[in-house]
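Asker: show me the folded form of this:
(one chain, ligands or ions: 1)
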Amino acid sequence: MKKKLVSVLMCAAMTAALLSGCGGSKDTPAESQSANEPAAETETKTETESNEEAASGGKTYAMITKAAGNPYNEKEAEGFKEVIEANGGTVIIQHPEAATADAQVSVIQSLISQGVDSICVAANDTNALQAALEEAMDAGIKVSSFDSSTNPASRMTFANQAGTQEIGQALMDAVYDISGGSGQWAIVSATSQATNQNAWIEAMKEIMESDSKYAELELVSVEYGDDVPEKSTTVTQALLTNYPDLKVICAPTTVGIAAAAKVLQDQGSSCKLTGLGLPSEMAAYIGDGDDFSCPYMFLWNPIDVGRLSAYISMALVNGDITGAAGETFTAGDMGSYTIVEAADGGTEVILGPPFKFDPSNIAEWKDIY
Ligand code: RAM
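Answerer: Reported below is the predicted structural model:
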């Protein structure tokens, strides 16, 4: 198992979160957590897995990601497929053409017609999928969200990659640290409707405004690259032109951060970058000193987001859970999880804490995801 190098900062944030009762919902102790690490190869089937196989056989499980062409989404799908197929289920993966709610509504309607047993969706809009997903649930389909949530009325529960507050805190503290505690900073986000990015940005703003520690930081702009590399590149270039004194860009999207990293590094810009990125795409940009655009960033294991989502889908279909807070289920070799209340009034299952990638560990991870 790869060694975890979690920053002192994150440990402190996690401890605080756990003490305040809003930490991750995984039931195993922190030392044995492997949720954000690569899945271990399973050589022999455990009794639980055999039972799951029997229970999931003949059922069809659909996953709808935000959009095609995003390697992060493909990693989530990989984890989902691996778990469902290992348990005897049939998998349908749908990557819509564009990261829009309309594209996802069409896919949902087609899956309802096909009579699938379960749909999990990374929502491109918090509310716009509601009618289609309610229709799915009325037809007996078990509906959950993962990565980017729908509103509570449109889901039974949500596989959340990490606590929203924890992600906001990690990113805000990174902006503070990298900027030296003062100056202009900007955000390069995904789409303007994405539930997950909007929640993380909201958390960052609240943290910034609620603590005088951040008073010298000025958020000058929030730009949307729509999880499209070209648009993310263009909005980054425009930020550098419009704000010559910009000190830090925070991109809470794997597509946005990779595009921004290239712009900043190619230009030899003094503006630095942090956010949420795939190690495989960011290894060339993470380093200390003028030659590198990104001192450090965060993420979690997207394959495990998909795996957790698969276990949630199976538990819903098998009737082991209904999605209510307090219910527990076993996610194979990932261990036991508890469903908890989410900030939006619905419920969620939190995979684990965000993980910091920096020059000391990026080489270990760049070939994994
Ligand atoms: C992009 C997508 C995804 C998000 C990651 C961090 O790939 O917007 O939803 O979770 O970034």
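
Asker: give me the neighbour count for Leu328.
Answerer: If you look again at residue 328, you'll see it is Thr, not Leu. Using other Cβ atoms under 10 Å, Thr328 has 14 other residues around it. In this view, the C-beta of every residue, glycine as well, is placed from N, C-alpha and C.

Asker: what are the ranges of the helices in the stretch 101-250 of the chain?
Answerer: Assigned by DSSP state H, counting those that start in this stretch, the stretch 101-250 of the chain shows helices spanning 101-114, 130-138, 164-179, 195-210, 229-242.

Asker: the ligand contacts on the stretch 101-250 of the chain?
Answerer: Ala122, Asp147, Ser148, Ala190, Ala194, Asn196, Asp227 (Cβ under 6 Å from any ligand atom).

Asker: mark which of the residues you listed are buried, thanks.
Answerer: Buried members of these, counted by 16 or more other Cβ atoms under 10 Å: Ala122, Asp147, Ser148, Ala190, Ala194, Asn196, Asp227.

Asker: surely the first one and Ser144 touch.
Answerer: No - contact status for Ala122 versus Ser144: not in contact, 10.6 Å apart, counting by Cβ atoms under 8 Å.

Asker: let me know the closest of the residues of the stretch 101-250 of the chain next to the ligand to Val116.
Answerer: Nearest to Val116 among these is Ala122, at 16.4 Å by Cβ to Cβ.

Asker: now the nearest residue to the closest one once chain neighbours are set aside: how far from Val248?
Answerer: Distances taken as Cβ to Cβ, 6 or more residues apart in numbering place Asp147 nearest to Ala122, at 3.8 Å, with adjacent residues excluded. Going from Asp147 to Val248 by Cβ to Cβ, to the nearest Å gives 25 Å.

Asker: where are the low-confidence patches of the stretch 1-150 of the chain?
Answerer: 1-57 (pLDDT under 70).

Asker: which residues are in contact with stretch 69-82?
Answerer: 39, 61, 63, 65-67, 91, 93, 95, 120, 122, 146-147, 227, 254-255, 278, 280-281, 302-310, 369 (Cβ atoms under 8 Å, 6 or more residues apart in numbering).

Asker: residues touching the residue nearest to Glu97 when sequence neighbours are not counted, list them.
Answerer: Among residues not flanking Glu97 along the chain, Ala103 sits closest, at 5.7 Å (Cβ to Cβ, 6+ apart). Neighbouring residues of Ala103 by Cβ under 8 Å, 6+ apart: Ala67, Pro96, Glu97, Asn124.

Asker: switch those over to CSV; also include secondary structure and neighbour count.
Answerer: Converted to CSV, the contacts of Ala103 look like this (DSSP: H, G, I helix; E, B strand; the rest coil; neighbours: other Cβ atoms under 10 Å):
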residue, secondary structure, neighbour count
Ala67, coil, 23
Pro96, coil, 22
Glu97, coil, 11
Asn124, coil, 28
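
Asker: okay, among the residues you listed, which ones form the most distant pair?
Answerer: Within those, Glu97 and Asn124 form the most distant pair, 11.5 Å apart (Cβ to Cβ).

Asker: what is in contact with the two at once?
Answerer: Ala67, Ala103.

Asker: so Gly352 sits against Val305, correct?
Answerer: No - between Gly352 and Val305 there is no contact, the gap being 10.1 Å when judged by Cβ under 8 Å.

Asker: in the stretch 101-250 of the chain, what residue is nearest the ligand?
Answerer: Going by Cβ to the nearest ligand atom, the ligand is nearest to Ala190 of the stretch 101-250 of the chain, at 4.0 Å.

Asker: contacts only, for that residue.
Answerer: Lys66, Ala99, Gln197, Tyr224, Gly225, Asp226, Asp227, Pro252, Thr253, Val255, Gly256.

Asker: the closest residue to the fifth one other than its chain neighbours: neighbour count?
Answerer: When you say that, I think you mean Gly225. Nearest residue to Gly225, sequence neighbours excluded (Cβ to Cβ, 6+ apart): Ser232, at 2.8 Å. By other Cβ under 10 Å, 27 other residues sit near Ser232.

Asker: hang on, Ser232 packs against Val188?
Answerer: Yes - with contact defined as Cβ under 8 Å, Ser232 and Val188 form a contacting pair (6.1 Å).

Asker: show me where the stretch 251-369 of the chain has helices.
Answerer: Residue ranges of the helices in the stretch 251-369 of the chain, as given by DSSP H, counting those that start in this stretch, are 254-267, 279-282, 302-318, 362-365.

Asker: right, so of those helices, which gets closest to the ligand?
Answerer: Nearest to the ligand among those is helix 254-267 (3.7 Å), distances taken as Cβ to the nearest ligand atom.

Asker: name the helices or strands packed onto the closest one?
Answerer: helix 71-86, strand 183-189, helix 229-242, strand 248-251, strand 272-275, helix 279-282 (3 or more Cβ pairs under 8 Å, 6 or more residues apart in numbering; DSSP states H and E).

Asker: make it 6 Å
Answerer: helix 229-242, strand 248-251, strand 272-275 (3 or more Cβ pairs under 6 Å, 6 or more residues apart in numbering; DSSP states H and E).

Asker: in a strand, Val91, correct?
Answerer: Yes - assessed with DSSP: H, G, I helix; E, B strand; the rest coil, Val91 lies in a strand.
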